[in-house]
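> no sequence on this one, just coordinates:
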């Protein structure tokens, strides 16, 4: 997995909007994803291509249609690597605080 590609893909509000739409209803066609957007079909295709390259979107052919599905694995990996390590010290501090609080009450 390429963290840089994932961060670049997530940096754009239009791509995040497409991911939100896929999260709400997975397995959409390009036409369905374009509905109600202020983007051309070509712009949506370009954004989907970037999301696919970052492994955030996977596609599956169903007859003549190409369905798009969100892949949450790269986002989870980033959360574990970049966010999780910052939470651990905070959680340790809360745990120490809780133990000390219990001792005082006893």
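Right, received. Where do you want to start? If you're wondering where the values come from, they're calculated on a predicted model, not measured in any experiment.
> Start from the N-terminal end of the chain and give the strands.
Under the criterion DSSP state E, the chain contains strands at 57-62, 65-70.
> okay if I get the ones you listed as CSV plus mean neighbour count, distance to residue 80 and mean pLDDT?
All C-beta atoms are positioned from the backbone trio N, CA, C, and that covers glycine. Listed next are the strands of the chain as CSV, based on neighbours: other CB atoms under 10 Å; distance: least, CB to CB, whole Å; pLDDT from 0 to 100:
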stretch, mean neighbour count, distance to residue 80, mean pLDDT
strand 57-62, 13, 20, 96
strand 65-70, 16, 18, 97
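> For residue 14, which of these is the nearest?
Set against residue 14 and scored by CB to CB, those come closest in strand 57-62, at 13.2 Å.
> how far off strand 65-70 does that closest one point, in degrees?
Computed by axes from the mean of the first three to the mean of the last three CA atoms, to 10 degrees, the angle separating strand 57-62 from strand 65-70 equals 150 degrees.
> Parallel or antiparallel, list what pairs with strand 57-62.
Paired with strand 57-62 in the same sheet, following DSSP bridges, are strand 65-70 (antiparallel).
> so how far is the partner strand from its chain's centroid?
Relative to its chain's centre, strand 65-70 lies at 16 Å (CA atoms, centre = their mean, to the nearest Å).
> Show me the residue at the heart of the protein, geometrically.
residue 75 (4.6 Å; CA atoms, centre = their mean).
> List the contacts of it.
Residue 75 makes contact with 6, 10, 56, according to CB atoms under 8 Å, 6 or more residues apart in numbering.
> ok, the closest residue to residue 3 other than its chain neighbours - how many residues close by?
Nearest non-adjacent residue to residue 3, counting by CB to CB, 6 or more residues apart in numbering: residue 78, 6.4 Å away. Residue 78 has 16 neighbouring residues, counting by other CB atoms under 10 Å.
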